[in-house]
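J.: Sequence first, predicted coordinates after that:
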Amino acid sequence: MKKTLILLAILVLIILGLGIYKFNFIDDDIYNGNGIQINLHDGVYTIGGQKVALKNGISEVEAAPGSASKIVTKYFGNDIVGDFDNDGREDLAFLLTQETGGSGVFYYAVALLDRVDGKVGSEAVFLGDRIAPQTTELKENNILVVNYADRKVGESFAVVPSVGKSLYLKLDPTAHQFREVIKSF
């Protein structure tokens, strides 16, 4: 009995140690050949016609010149790798959030395209305000599927999102823009 408890304690310590290691040492940053840290999500994206440049996964700009109010755009997650522009190179799609100084948290889907001449950010696709993102998947023909929970039509934003939704997107490589794919039944 005593040996079993000791073995169980050692196993728990090993699992905790691996979790702490992963949390502290493995992140979304890599280093280039010159030892400079690069965040995999950094790039320039277009949200509502405005260019937003992420640096270390975040952008913070004044809402208006001289304003104390800020527009904060952040990397959220749900990374998915795929060749969205069909050029034979792996691209990255993920979600961003944007807070514009009010109570809303707006969610967007974007892609960072790996082009021969460098990384190119896409135009953002609006998903919703204060939604609950779930999973992001890659289907046949490089269709990006973003799954999330939203509210019923007319419900207050104070209500917890409970309606499952899926948005099917295909990238227009020329415009650097996702287009919604209507799924036929």
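T.: Looks like it arrived, so ask away.
J.: any chance you could map the helices in the chain?
T.: Secondary structure of the chain (DSSP state H): helices at 2-25.
J.: Could you pull up the mean pLDDT of the longest strand anywhere in the chain?
T.: Identified as the longest strand of the chain according to DSSP state E is strand 70-82. Averaging pLDDT along strand 70-82 yields 94.
J.: what do you get for stretch 88-96?
T.: pLDDT averaged over stretch 88-96 gives 94.
J.: ok so, going back, pull up the pairing partners for the longest strand of the chain, direction included.
T.: Pairing partners of strand 70-82, with direction, according to DSSP bridges: strand 58-62 (antiparallel), strand 91-99 (antiparallel).
J.: which non-adjacent residue is nearest the residue nearest to the spatial centre of the chain?
T.: Centroid-nearest residue in the chain: Leu95, 2.4 Å away (criterion: C-alpha atoms, centre = their mean). Leaving aside its chain neighbours, Leu95 sits nearest to Phe76 (4.2 Å; criterion: C-beta to C-beta, 6 or more residues apart in numbering). Where C-beta positions appear, they are placed from N, C-alpha and C, glycine not excepted.
J.: For the one you found, give me its contacts.
T.: Contacts here follow C-beta atoms under 8 Å, 6 or more residues apart in numbering; on that basis Phe76 touches Phe94, Leu95, Leu96, Thr97, Tyr107, Pro133.
J.: neighbours around the first one, how many?
T.: The tally of other residues near Phe94 (other C-beta atoms under 10 Å) stands at 21.
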